[in-house]
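S.K.: Here's my sequence, what's the structure:
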Amino acid sequence: MIELTMKKKNMTFSLFDFCKRRADKVEIYGKESLDENGDIISFIDQAAYVTHYLQLKRSNIGVPYADKAEELLSMWYEFVIGKEIKDEIQGGMVAESSVAMQQYLFPDLFQAPFQAPHNPKFTFIDLFAGIGGFRMAFQNLGGECVFSSEWDEQARKTYYANYGDVPFGDITKEAVKNKIPQGFDILCAGFPCQAFSLAGKRLGFEETRGTLFFDVAEILRRYQPKAFFLENVKGLVIHDKGRTFRTILNTLDEVGYVVPDPQIVNAMYFGVPQHRERIYIVGFRKDLGITKDDFSYPEQKEVTKKWIDVREEKPVPAKYYLSTQYIQTLINHKARHEAKGHGFGYDIIPDDGVAHAIVVGGMGRECNLVIDFRQKDLTPTTRIKGEVNKQGWRKMTPREWARLQGYPDDFKIVVADASAYKQFGNSVAVPAIQATAEQILKTLDKYGIIRK
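M.R.: I've put the predicted structure just below:
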């Protein structure tokens, strides 16, 4: 029996409903919704099974969770259509349900703006996926994502709205690792940096246990893709006097990969006006015969875009403008730090300037203030102390942050501003990732491993 706590309208159901800010809480329970441990699979995790399965079914990618995905599809079908599936099975799926699932359950699934190419040239997986910066870059080059993982629920909503897949959850769990299909070509991961325990001082695989990098290394060891592409903050290089970075490189060697010298890449040289430096680590499986000298990172030549190039075309709402009292607070705060010899504080980006790296928390938004006099109606629309300033001081908008990271304007922002800032601040810069990904593919193509 299925327990339901969801409204249905006209016997149709859009999975995208759960992306809306005030969507009804969705719970679809039945014997099919139990995992291997007998625990209930949450709705969003059910959606990960189902959306991955339907997307990959078109490409005939073998998935290790096909049986569970079909069970969940049958349960959802019964809920929406109001009857059990009794049609003849064709090719592992019920013929009627294949059409019905798209028409009733997933009218938005195959209409996501960034679909995988129909004839992909290679496959990849997207770990610590965030909102899919790696995916955007690799799809632009002809790749198909066969697995994604992201634990943050708000980011998973944005990911689904744009790519048609709900990422699986916490990749540190063995049950999630087991969902990865065999035989994919490239692993992508913007893994968070954590301190390693170096008690053994072997500076290898075992020293990474308990960290998120360990999960990346374990997947590389287990699935042996042809190549990988990792991204992290540039401070990783000097973390713990360089020991953390040496551990990472030793571990990658230990699990079977040749790693060309990692490089700090600045996004502002790849078509976005943002000074964003990140460490890129690329590797190739040793048995492919690729050497360190076969790969080179893309050249970083010149800055081609300025802040004005990504500014909103129309005046932005008054809610993005600072109050007079808050401006004074920022001025006082900066003055205190300057008196102590610190450089911490707000900054205003000129129209012909380049933004600082957009980051989450602290003074993340205040380090990238701009002057914009186009909005004439400065009536407060949120609770503020004082009044909206008339000097044009405002924060950048989420759409402007999206452009600073290289996302196209048809990329959907389906969450509240606070979540959107977090998602774009944590994202990779798509153009810089894509330029490096192209170099990876050129190297694999040179050896006849992947044909571009």
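
S.K.: how many neighbours does L73 have?
M.R.: Neighbours of L73 under the rule other Cβ atoms under 10 Å: 24. (Each C-beta comes from the backbone N, C-alpha and C, glycine too.)

S.K.: ditto for G242
M.R.: Counted with other Cβ under 10 Å, residues neighbouring G242 total 11.

S.K.: which phi and psi does the nearest residue to F245 once chain neighbours are set aside have?
M.R.: Of all residues not flanking F245 in the chain, V237 sits nearest, at 5.2 Å (Cβ to Cβ, 6 or more residues apart in numbering). Note on V237: backbone dihedrals following degrees, to the nearest 10 are phi -60, psi -40.

S.K.: so V237 makes contact with Q263?
M.R.: No - judged on Cβ atoms under 8 Å, V237 makes no contact with Q263 at a distance of 10.2 Å.

S.K.: which residues do the two both contact?
M.R.: I279 (Cβ atoms under 8 Å, 6 or more residues apart in numbering).

S.K.: Give me the domain ranges for this structure.
M.R.: 1-111, 114-302+413-452, 313-396 (automatic domain parsing).

S.K.: Deepest-packed of those domains, please.
M.R.: Stretch with highest mean neighbour count among the domains of the chain: domain 114-302+413-452 (a mean of 20; mean count of other Cβ atoms under 10 Å).

S.K.: Put the alpha carbons of stretch 355-365 into PDB.
M.R.: Only the C-alpha atoms of stretch 355-365 are listed here, as PDB (Å, rounded to 0.1, in the frame of the first residue of the first chain):
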ATOM      1  CA  ALA A 355      35.600  41.000  -9.600                       C
ATOM      2  CA  HIS A 356      37.300  39.400  -6.700                       C
ATOM      3  CA  ALA A 357      36.600  35.700  -6.300                       C
ATOM      4  CA  ILE A 358      33.000  35.200  -5.300                       C
ATOM      5  CA  VAL A 359      32.900  33.200  -2.000                       C
ATOM      6  CA  VAL A 360      30.300  32.100   0.500                       C
ATOM      7  CA  GLY A 361      30.000  33.600   3.900                       C
ATOM      8  CA  GLY A 362      31.900  36.300   5.700                       C
ATOM      9  CA  MET A 363      32.300  39.400   3.500                       C
ATOM     10  CA  GLY A 364      31.700  37.400   0.300                       C
ATOM     11  CA  ARG A 365      29.200  39.700  -1.200                       C
END
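
S.K.: Now it: average pLDDT?
M.R.: In this model, stretch 355-365 has a mean pLDDT of 85.

S.K.: again, but for stretch 29-47
M.R.: Per-residue pLDDT values over stretch 29-47 give a mean of 84.

S.K.: Show me where the stretch 101-250 of the chain has its helices.
M.R.: Using DSSP state H, counting those that start in this stretch, the helices of the stretch 101-250 of the chain run over 133-140, 153-163, 174-177, 212-223, 243-254.

S.K.: Go ahead and name everything in contact with the third one.
M.R.: Here helix 174-177 makes contact (Cβ under 8 Å, 6+ apart) with D35, E36, S149, F168, G169, D170, I171, D215, E218, I219, R222.

S.K.: and what of the fourth one?
M.R.: Contacts of helix 212-223 from elsewhere in the structure, counted by Cβ under 8 Å, 6+ apart, are 125, 127-128, 171-172, 177, 180, 182, 184, 187, 189, 191-192, 194, 196, 205, 208, 228, 230, 248, 251-252, 255-257.
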